[in-house]
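Q: below is the sequence, then the predicted model.
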Amino acid sequence: MRKKIVAGNWKMNMTFDEGQTLTSEILNMMKDEHSGDAIAVLNPPFPHIYPVKKLIGEAKGVFIGAQNCSDKESGAYTGEVSTKILASFGVQYVIIGHSERREYFKESNEMLAAKVKLALAEGLIPIFCCGESLEIRTSGTHEPNVKFQLTEGLFDLSPEDFSKIVIAYEPIWAIGTGKTASSEEAQDMHAALRRHIASKYGKDIAENTSILYGGSCNPKNAQELFGKPDVDGGLIGGASLKSRDFVDIIKSF
Ligand SMILES: O=C[C@H](O)COP(=O)(O)O
């Protein structure tokens with residue numbers, strides 16, 4: 001059975017105090033209200049990781065992730081954070097290939113494939129992002145375009161390694177715009193990606209891969225999105241900065 005996951009990507013938001021308050025509120029609400037099997041992954045900016053992880057402690061169903069990692073193992077790369085460093089701080093997940101990293105920091109498929117391998121080598125679970133621009137969606141080539149991102153970033157992995165990957169499909173035109181993909185559009189792409197995975201790794205691995213949707217997901221649309229058979233949760237940006245919204249999304253399964 002594949003995991004149901006709601007990952008919060010705080011992006012470059014939250015001061016120390018704000019991050020502590022948000023985490024405490026999420027933990028309290030999860031404890032009091034959440035009885036389902038969906039798990040939460042909090043992905044704050046790097047400096048928050050250690051204190052947020054301490055707050056999480058042994059809380060059930062709540063995990064800590066990073067928003068990025070280096071494609072280099074270690075050494076003279078000022079400003080970078082390696083997967084080894086992340087793992088040593090108890091980080092469990094890492095977002096790789098978010099469209100903002102691909103676009104603003106020119107991260108190539110080759111670089112992302114290297115990051116994925118380093119993450120897996122340190123026991124981190126990559127949340128591998130893919131998604132198409134509005135231009136590509138309008139041209140009707142979104143499916144091959146997004147499949148290609150998976151092929152380039154992940155299909156070098158052994159079946160054993162691939163089975164640890166979480167995918168996040170995020171249409172770029174839906175990120176932070178308030179314009180969500182319809183639940184049918186999300187389902188169509190998720191099903192296409194699952195078929196693509198099956199063609200390379202077989203049906204069992206494909207059926208066990210969690211594929212999350214990201215892009216203006218909120219408490220109002222989460223239930224419909226998560227109700228689709230191939231949507232296994234969400235990668236949440238804006239709504240993950242409000243404890244009430246984030247926990248309501250987790251409770252939408
Ligand atoms: O990583 C999260 C996504 O970029 C979605 O962001 P958003 O929920 O603010 O649209």
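A: Cool, got the structure. Residues are numbered from 1 along each chain as shown.
Q: centroid residue for the chain?
A: With distances taken as CA atoms, centre = their mean, the chain has Ile127 as the residue nearest its mean C-alpha position (4.2 Å).
Q: by contact count, what packs against the helix or strand where that residue lies?
A: Element membership for Ile127 (DSSP states H and E) is strand 125-130. Contacts of strand 125-130 with other secondary structure elements, assessed using 3 or more CB pairs under 8 Å, 6 or more residues apart in numbering; DSSP states H and E, are made with strand 93-96, helix 109-121, helix 142-154, strand 166-169. Glycine gets a C-beta too; all of them are placed from N, C-alpha and C.
Q: the same query, at a cut-off of 6 Å, please.
A: With contacts taken as 3 or more CB pairs under 6 Å, 6 or more residues apart in numbering; DSSP states H and E, strand 125-130 sits against strand 93-96, helix 142-154, strand 166-169.
Q: nearest to Gly178, out of those?
A: strand 166-169 (18.1 Å; CB to CB).
Q: the closest one pairs with which strands?
A: Here strand 166-169 is paired, per DSSP bridges, with strand 125-130 (parallel), strand 211-214 (parallel).
Q: name the next helix or strand downstream of it, please.
A: Past strand 166-169, further along toward the C-terminus, the next helix or strand under DSSP H and E is helix 183-201.
Q: who in the protein is up against the ligand?
A: Proximity of the chain to the ligand (CB under 6 Å from any ligand atom) is limited to residues 9, 98, 170, 175-176, 214-217, 235-239.
Q: quick one: which of those residues is most hemmed in?
A: Most neighbours among those, by other CB atoms under 10 Å: Cys217, with 30 neighbours.
Q: what helix or strand does that one sit in?
A: Here Cys217 is assigned to no helix or strand, by DSSP H and E.
Q: could you find the lowest-pLDDT member of the residues of the chain next to the ligand?
A: Across the residues of the chain next to the ligand, no position has a lower pLDDT than Gly176, which has 87.
Q: contacting residues around the residue of the stretch 101-250 of the chain found nearest the ligand?
A: Using CB to the nearest ligand atom, the point where the stretch 101-250 of the chain gets nearest to the ligand is Gly237, with a distance of 2.3 Å. Shown in contact with Gly237 (CB atoms under 6 Å, 6 or more residues apart in numbering): Asn9.
Q: burial measure for the nearest residue to Pro229 once chain neighbours are set aside, as a count.
A: When the adjacent residues along the chain are set aside, Pro229 lies closest to Gln187, with 7.0 Å between them (CB to CB, 6 or more residues apart in numbering). A count of nearby residues for Gln187, using other CB under 10 Å, gives 18.
Q: isn't Gln187 right next to Lys228, touching?
A: Yes - under the criterion of CB atoms under 6 Å, Gln187 is in contact with Lys228, at a separation of 4.0 Å.
Q: shared neighbours of the two, anything?
A: Shared contacts of Gln187 and Lys228, defined by CB under 6 Å, 6+ apart, are not found at any residue.
Q: circling back: ok, what's across the strand from the residue nearest to the centre of the chain?
A: Assigned bridge partners for Ile127, using DSSP bridges, are Ile95, Val166.
Q: wait, isn't it in contact with Val166?
A: Yes - counting by CB under 6 Å, Val166 is a contact partner of Ile127 at 4.7 Å.
Q: hang on, the earlier thing: quickly compare the strands paired with strand 166-169 and say which is most buried.
A: Mean neighbour count, computed with mean count of other CB atoms under 10 Å, is highest for strand 211-214 among the strands paired with strand 166-169, reaching a mean of 28.
Q: following that strand, which helix or strand shows up next?
A: Where DSSP H and E defines the elements, the next helix or strand beyond strand 211-214 is helix 222-226.
Q: and that following helix, what does it pack against?
A: Contacting helix 222-226 under the criterion 3+ CB pairs under 6 Å, 6+ apart are the following elements: helix 183-201.
Q: for the helix it packs on, what is the average pLDDT?
A: Helix 183-201 shows an average pLDDT of 98 in the prediction.
Q: so which elements touch the next helix or strand after it?
A: Moving toward the C-terminus from helix 183-201, the first helix or strand encountered (DSSP H and E) is helix 203-207. Packed against helix 203-207, as judged by 3+ CB pairs under 6 Å, 6+ apart, are the following elements: helix 183-201.
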